[in-house]
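Trainee: Fold the following, please.
(one chain, ligands or ions: 2)
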Amino acid sequence: MSIAEQANEILHSVFGYKSFRNQQLPIIESVIRGEDNVVIIPTGGGKSLCYQIPALILPGTTVVISPLIALMKDQVDQLLAYGIKAAYLNGSQSPQEQQFVANLYIQGEIKLLYIAPERLATSTFINMLKSVAPSLIAIDEAHCISQWGHDFRPEYLQIGQLKAKFSAVPIIALTATADDVTRKDIIERLNLDKPQVRLTSFDRPNIRYTVVERLNPLEQVSSFLTNQKGNSGIIYCSSRAKVDDMASRLANRGYSVAAYHAGLTTQERANAQERFLKDDVAIMVATVAFGMGINKPNVRFVIHANAPRTIEAYYQETGRAGRDGLPAEAILLNNERDFNWYQTVIAEKEEGFHKSVELHKLSEMIAFTQAQTCRRIVLLNYFGEHRVEKCNNCDVCLYPLEHYNGLVDAQKILSCVYRVGQNYGTQYLVDVLRGSNRSSIKENGHNTLSVYGIGKEHSADYWTSIIRQLIHLGYLKQDPTSFSALFLSEEARNVLRGDISLSLVKPRLELV
Ligand code: ADP
Ligand code: ZN
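Mentor: Ligands and ions are numbered 1, 2, ... in the order given. Here you go, the predicted structure:
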């Protein structure tokens, strides 16, 4: 039997699938020929079979290195359910259990052995591999070895020594998301030998990408959720405090939510994850600590309340939506403040190659949020997949920006700024425009101004968006020394006099 025939036979009889997906077969054939492989297939694309089938065809054992100790047991249980001899070794086991698994390995009784990278630091383990070499080494989440990837893990660096120690053993490195810099870094750090680099299309056509201005995240998320009817989804926030805040506010509004971040105990995190996976709770509010390796097919939406730093991270995180192939939403609430903060953090780092790569990746992410080109075109081209046809399933394609003559709106705002003495921030201005009952407005006597309530016809979010545009266009300035109080620039006079035409973008207030 040829390798292809054997692989097909196993695909049907062991896994019960009809046919291989995209590149699975050529990858399996190459692995069995003994070549090194770097496999970049989006989440849900079927990476596991690329080493599981070779593991069954090759004699001996395949060692699988995975960072997710919490998921190892599930992965192994799944294989056992298929009738495949598999086991794992990690620190959660007693010394006796570990010895038992080691003996199975030495006796050639298991086809797949899952380990965490930390294990490679122990001489007992390396000696075990030296006494009986594995037939294949699979490295899952291989981007973790690269500092350019979005989830660098120092313990992954140890994997780099394997090639020197076991030069005859082929390596297959797998990841869902790696841009060009990260790919090269993976190959270098793993010391791979002329690897085959396999990419499948990065496109996730069922995911609709939307980037909207972040105005009031809680309200924006709530209004989105009203149309989701208990669907499962993930909401990413950038800090523990923001996660707790968002989760408790959504819970107060009656939504079924769990929270997940590194500040919780291992047990609390495991519970939250378990409830989410079992659909006991619909929504997971989390930091990026949540999600890697999670295989939940029916995640209908991923909302970023804060932007990630890189397109790789964004793509990885949004990729957790719609693994079942059904329509799913990826929504980014965008606010330049997130990026300003990242820029400050990076600026403080030492000059050098590292800094320049980080800045580059950040600027690509910023450009993505600002793009007026189809989001999917931008994303796919970023990953080196050339695409020019627009997708008709992103906000840029579906809701092209609408411009309008904004002179009157701008005049209302600018005269309001002037009347309150150029001494107040955006929120206050919006309240005066909308005629709010806020007590400070009365105390200041601003409820008697002619501009009080002249903007009643629009929502607070609407006015916030217009004020931001006027800042961007240079008609309004903010005083950094006085709580970002708004004041008029020189050019604002032309607007107040009505001397110019002023095209503004109609605020888009609905998420989808
Ligand atoms: P990845 O690791 O790339 O995210 P998985 O290996 O977990 O993806 O596969 C995703 C899902 O697709 C799994 O449920 C898997 O069993 C299924 N799958 C993989 N390959 C095939 C195939 N050739 N035919 C049908 N289903 C497949
Ligand atoms: Zn598009």
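Trainee: so where is the stretch 401-512 of the chain shaky, pLDDT-wise?
Mentor: 511-512 (pLDDT under 70).
Trainee: typo on my end, it should be the stretch 101-250 of the chain
Mentor: For the stretch 101-250 of the chain, no range has pLDDT under 70.
Trainee: Can you list the residue ranges for helices in it?
Mentor: Taking DSSP state H, counting those that start in this stretch as the criterion, the stretch 101-250 of the chain carries its helices at 123-131, 162-165, 180-189, 217-225, 240-252.
Trainee: Select, out of the ones you listed, the one closest to Arg434.
Mentor: Nearest to Arg434, of all those, is helix 217-225, at 14.9 Å by C-beta to C-beta. (C-beta placed from N, C-alpha, C; glycine too.)
Trainee: tell me which strands and helices the closest one is in contact with?
Mentor: Packing partners of helix 217-225 (3 or more C-beta pairs under 8 Å, 6 or more residues apart in numbering; DSSP states H and E): helix 240-252, strand 299-304, strand 328-334.
Trainee: So which elements touch the helix or strand following the longest one?
Mentor: On the C-terminal side of helix 240-252, the closest following helix or strand by DSSP states H and E is strand 257-260. The helices and strands touching strand 257-260, judged by 3+ C-beta pairs under 8 Å, 6+ apart, are helix 240-252, helix 266-277, strand 283-286.
Trainee: Ile110 contacts Ala86, doesn't it?
Mentor: Yes. In this structure, Ile110 is within contact of Ala86 by C-beta atoms under 8 Å, at 6.1 Å.
Trainee: in stretch 99-116, what counts as buried?
Mentor: Residues of stretch 99-116 classed as buried by neighbour count (16 or more other C-beta atoms under 10 Å): Val101, Ala102, Tyr105, Ile110, Lys111, Leu112, Leu113, Tyr114, Ile115, Ala116.
Trainee: would JSON lines of those residues with distance to Asn340 be doable?
Mentor: Formatted as JSON lines, these follow (distance: C-beta to C-beta, whole Å):
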{"residue": "Val101", "distance to Asn340": "50"}
{"residue": "Ala102", "distance to Asn340": "52"}
{"residue": "Tyr105", "distance to Asn340": "52"}
{"residue": "Ile110", "distance to Asn340": "52"}
{"residue": "Lys111", "distance to Asn340": "51"}
{"residue": "Leu112", "distance to Asn340": "47"}
{"residue": "Leu113", "distance to Asn340": "47"}
{"residue": "Tyr114", "distance to Asn340": "42"}
{"residue": "Ile115", "distance to Asn340": "41"}
{"residue": "Ala116", "distance to Asn340": "37"}
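Trainee: which residues touch Ala247?
Mentor: Val257, Ala258, Ala259, Val285 (C-beta atoms under 8 Å, 6 or more residues apart in numbering).
Trainee: and if we set it to 10 Å?
Mentor: 235, 237, 255, 257-261, 272, 283-286 (C-beta atoms under 10 Å, 6 or more residues apart in numbering).
Trainee: Out of the helices and strands packed on helix 217-225, flag the one nearest ligand 1.
Mentor: strand 299-304 (12.6 Å; C-beta to the nearest ligand atom).
Trainee: Over the closest one, what's the mean pLDDT, rounded is fine.
Mentor: Mean pLDDT, strand 299-304: 98.
Trainee: Return that strand as PDB; C-alpha atoms alone will do.
Mentor: Extracted in PDB, the C-alpha atoms of strand 299-304 (Å, rounded to 0.1, in the frame of the first residue of the first chain):
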ATOM      1  CA  VAL A 299     -18.800  30.400  19.200                       C
ATOM      2  CA  ARG A 300     -21.000  32.900  17.300                       C
ATOM      3  CA  PHE A 301     -19.100  36.100  18.100                       C
ATOM      4  CA  VAL A 302     -15.800  37.500  19.300                       C
ATOM      5  CA  ILE A 303     -15.900  41.100  20.500                       C
ATOM      6  CA  HIS A 304     -12.700  43.000  21.200                       C
END
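Trainee: Direction included, what does it pair against?
Mentor: strand 232-236 (parallel), strand 328-334 (parallel) (DSSP bridges).
Trainee: Just put the helices and strands packed on helix 217-225 in a markdown table and tack on distance to ligand 2.
Mentor: Listed next are these as a markdown table, based on distance: least, C-beta to the ion, whole Å:
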| stretch | distance to ligand 2 |
| --- | --- |
| helix 240-252 | 28 |
| strand 299-304 | 17 |
| strand 328-334 | 12 |
